[in-house]
Structures are given as C-alpha cells and as structure tokens.
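In: this one's structure only:
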C-alpha cells in the first residue's frame, strides 16, 4: 500500500450506535446526536474536523428534520460536501460509495454519515392510526398503478419469495433457517431485541402475514441510530482506531416499485456485487463475515445468491446446512440482524457498523476469528436499490 | 355487487394525469391498455417514453387474457377498506401480450390461486373516466 502523505484511500475510522433497540427517551434527532457523539469519540475527532456530511432520514415531508440539509444545520456541520441520497434501507451503502469517491477526489477529507429513528417508540404512540395512503387518498405518479390493490410492504417480498419457491423449490423451512441463524447470533449480543432460542418450527408455525411469509420471517421494529466517520488513510495514521479500508463499493437498481421488478428472483446485488468484488479483487469465498439486509428472511436468501455465495436458486439448500449460524462457513448478520436485533426502518448503517466491529476484532462473543474481509449489502425500496460494500482490515 | 365493487371507491385511487388518463378511461370502458413503441417494446405502467429505448409509445388494447406470474395472500392490513377484505390476493399478472401489472385476483378462494393460473380481466367503474382493472380465474379454464 502507499504510505505517502497523499494516500487518500478511504477508510472508516469511527463508529457509533445510539441507544437501542428500545429507546423511548430519544427522538429521531437525539438518535442522530448520540450516534454522532459516540462515533466522533471512537474516531478521536471533533465535530469541527468534519468537512463532509451524508445522511438521509426517509421521512416524506419537505420539512423532515432528519434529511441531510436540515440535519447539517441541527448538528452544526460546516461542510464542503453533502449527500442526501435516499433509496431506502441501502442508502448508507450508497453514501459510503459516494463518500469514498469524494474523499479520493478531495472534495472533503473527513465525512460523517448518520442515521437515527424512533420508529418503535413513535409507532407505539401512533399505532394503527393510518395506512400507507389513507382512505380516499388520490395517489399520483407511478404508485397510482399499485395503490388501488392494497399491497403491503411485506407483500412485495412475499411475491418475490413465492416466485422463487415456484422456480427453485425453495421451502418455508429453508427461509426460516435465516431467522434461526439470526437469533443464534442475537443470543450473543446484549443489545439485541430478541435473544430467546428460536426453532424452524417456531418460524413456520407463526402467524401467516402475507403468504408465504410468516410473522417470524419479518424483521423486528425497533428504535436506533448509527454513525460512521470516514477519512483518508493518511489522516487515519494519527487516529486511535485501526482503520477499516473501503476496498469496493458499488450500487445497482433494477426497479423502484415492485410491479416493475424485471425478475422476481433476482436483484441489483448481481451487478453491484460483481463490481464491488472486482474493485476489491476478491471473491465470495474470501469473505470472512457477511452482513446482509434482512428485512425479511427472503431478502438475505436472495442476496446470498445474487452476490455469488451460492448459485442462483440454490439459496434454500445452501442455508439449510446451517452455514449462516455462529461458527458456520458464512456467519451472517453477527449482531442478530434486522430479524432479531435492530431495525428502525432503514438498516443499512448497522450492516456497516457491525462489519467494522468484526474487522477491528471488537465484536465480542460474536467475533469471527481473525476476520480480514467483510461484506455489507443493503437493499432499499422493495428489493429495488442494492448497495454492496467490501471492507478490509488491511489495505490492498 | 361483490365485495370488490363495493369497496373500490374507498381505496386509494389514481390521481389521473396526462399520461395515465387514457389508461383509466379505457378501464372505465371495460378495457385494459398497454403501451408499445415503434421499436416494438411493450410496457406497463404507462409512461411518457418507452423505458427501453426512449421512443414515444402508443396505446394498444390488451386481449384481457393473462396468467399469474406471482402472488401473495395479504392476511394483515390495518388500512381501511382493506382491513375488512383480508385475506385477499395481490398478484402480478402477465398479459398475454407481455407487459405485467399488479392487481387483485377476485372471484375465487385465495388458497386456489397459483403461479401460472389462467386469468381474465374485468373492471369496475369508479366515476366518469376512471375504472380499475381486476383479474379473475379465466372462464374457459373452469375456474369460476
């Protein structure tokens, strides 16, 4: 690697989690603030060191306080580079790709990326108050062709899972293994929402929400926030944490609205994974720890296939061997994932934070021995926008 | 009047625009339209351009015959009027002409719906110039 004073290789030098998974004492902005404080402390930096800012809240109104510009004001970030890309849960993998380029080019030196959400505590106060559109709503744009039919978020994933079952013989028990493996990792994480043992029978015996997906095929709803600090490899030499190198980062979109999904059994992880692996110069077999979006069990299964951890269509048979569990060949979502640990609406930043913890050797009981390479892959929308990031303990 | 017809007016409905107007007007006449560009690319949902090549598409009338590409049975939706309709089927239907659309499969037991099922279009008139297409088991397939 280059060790010249011009080494602008992008690295992650700070991570922070706010309180969670249940934090009724924090609102969305307080999640951002707490995560930012902790990430800066972890990085050994001050807020004044930040000259690039990436964030997205996912709120739907123009006055959303946690969109990038209002949040930069609230946090008092004096930036030279701003990014508020909003593609759903994978926005943070997109932001790492964009921030890496901005750091390499020199648009900024040190980037803060934050996320915060009080989804659980807020929903607790508003539970059952309204649907996606509301009675009598008029829906404009492309969504007008879906709105009359009463589809729900899980319904999109359920239709993809159903088609995968039809084409490849995937079973509910195989999907359930993704949830069981996540719970086994959650048992090792004191911060996980659900830590009690879980069996395949528990999952397939839980209430059907949208066929073929059961209640326990779904992620939890939690509160939570997270932040990352990125800078140059040169700057990182003076900082306390061992830097984690961004070796590859790529994004791809096959559709936005689920009705436009060209192949219900495949995602943009095919393209974004291929490019991220090419940049990093590694293959799936080289990856030590894998953090994949798991809004639903099927999400992780299809991403495993699309990223090349197993052939297309083989995901069910691949996971049923137990490879995703602690100590397995592909230990998946070592914090317990969205299925058992934390999912405040958008999970992408937690994938990156857990990958960094693993590469630093700070993952506690869930530590994968001698983890050198980690992959984080986020899915945003309805399996729509897929961002793949490959991180390394060492530069290449 | 069946359960579908009686609840359509309470559903979230299209904000009809300059591109979508022809589609919803056709549905009010009992027809399903799709778009085709001069290069032969076909698409739904309708757009102001061909999403494949960028050309300007024209409208074509679909036969109203199709097959279920994939589906789910929604068993939980707290939003009215769907709350009172569960379990109901949300599906993607492949028109025999190629384009695919989201819809509900009506007039059958949700547990009888399957991938590859032959279906036919029918529509409900909501108001002047606005009809909503639905699909049900094809009559010739003996599904009704």
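Out: Done, it's in. All values derive from a computational prediction rather than experimental measurement.
In: what are the buried residues along the one helix or strand in chain B whose mean pLDDT sits lowest?
Out: None of the helices or strands of chain B scores lower by mean pLDDT, DSSP states H and E than helix B:3-7, at a mean of 81. By neighbour count on 16 or more other CB atoms under 10 Å in any protein chain shown, the buried set for helix B:3-7 is B:4, B:7. Bear in mind the C-beta positions are built from the backbone N, C-alpha and C, glycine included.
In: what's the spacing between it and its chain's center?
Out: Relative to its chain's centre, helix B:3-7 lies at 15 Å (CA atoms, centre = their mean, to the nearest Å).
In: ditto for stretch B:114-128
Out: With CA atoms, centre = their mean as the basis, stretch B:114-128 stands 6 Å off its chain's centre.
In: contact partners of whichever helix or strand comes after the least confident helix or strand of chain B?
Out: As assigned by DSSP states H and E, the chain's next helix or strand after helix B:3-7 is strand B:13-14. The contact list for strand B:13-14 (CB atoms under 8 Å, 6 or more residues apart in numbering or on different chains) reads A:136-140, A:144-145, A:147-148, B:20, B:24, B:126, B:130, B:132.
In: show me the contacts for the nearest residue to residue A:279 once chain neighbours are set aside.
Out: Distances taken as CB to CB, 6 or more residues apart in numbering or on different chains place residue A:248 nearest to residue A:279, at 3.5 Å, with adjacent residues excluded. For residue A:248, the contact set (CB under 8 Å, 6+ apart) comprises A:275-280, A:282, A:388-390.
In: I'd say residue A:119 and residue A:344 touch.
Out: Yes. Under the criterion of CB atoms under 8 Å, residue A:119 makes contact with residue A:344 at 4.6 Å.
In: more neighbours: which of those two?
Out: The neighbour comparison of residue A:119 against residue A:344 (other CB atoms under 10 Å in any protein chain shown) goes to residue A:344, with 30 against 19.
In: is the more buried one in a helix, a strand, or coil?
Out: Assigned by DSSP: H, G, I helix; E, B strand; the rest coil, the conformation of residue A:344 is coil.
In: so how far is residue A:98 from the residue nearest to residue A:279?
Out: Distance of residue A:248 to residue A:98, given as CB to CB, to the nearest Å: 14 Å.
In: show me the helices in chain B, by range?
Out: B:3-7, B:21-28 (DSSP state H).
In: give me the contacts around stretch A:201-217.
Out: With CB under 8 Å, 6+ apart as the test, stretch A:201-217 has contacts from A:152, A:154-155, A:157-158, A:161-162, A:165, A:172-173, A:175-176, A:179-180, A:198, A:218, A:296-298, B:72-76.
In: just stretch A:21-37 next, same as before
Out: The contact list for stretch A:21-37 (CB under 8 Å, 6+ apart) reads A:16-19, A:47, A:55, A:57, A:65-66, A:71, A:74-75, A:112, A:114-118, A:120-122, A:124, A:191-193, A:220, A:222-227, A:341-342, A:344.
In: can you say which of these are buried?
Out: Buried residues within these, counting neighbours by 16+ other CB under 10 Å: A:16-19, A:55, A:57, A:66, A:71, A:75, A:112, A:114-118, A:120-122, A:191-193, A:220, A:222-227, A:341-342, A:344.
In: any weak-confidence spans in the chain?
Out: Chain wasn't specified; assuming chain A. A:1-5, A:58-63, A:124-132, A:134 (pLDDT under 70).
In: sorry, should have said chain B
Out: Short version for chain B, where the test is pLDDT under 70: B:1, B:141-144.
In: which parts of chain A are helices?
Out: Counting by DSSP H, the segments of chain A that form helices are A:28-43, A:68-75, A:91-105, A:119-126, A:153-168, A:172-186, A:200-204, A:233-236, A:269-280, A:297-307, A:315-319, A:348-360.
In: quick check: angle from the third one to helix A:68-75?
Out: Looking back up the chat, that one is helix A:91-105. Using axes from the mean of the first three to the mean of the last three CA atoms, to 10 degrees, the direction of helix A:91-105 lies 80 degrees away from that of helix A:68-75.
In: now do the contacts for residue 45.
Out: Answering for chain A, as no chain was given. Residue A:45 neighbours (CB under 8 Å, 6+ apart): A:13-14, A:110, A:229, A:239.
In: correction: the question concerned chain B.
Out: Residues in contact with residue B:45 (CB under 8 Å, 6+ apart) are A:142, A:145, A:257, A:259-260, B:20, B:101.
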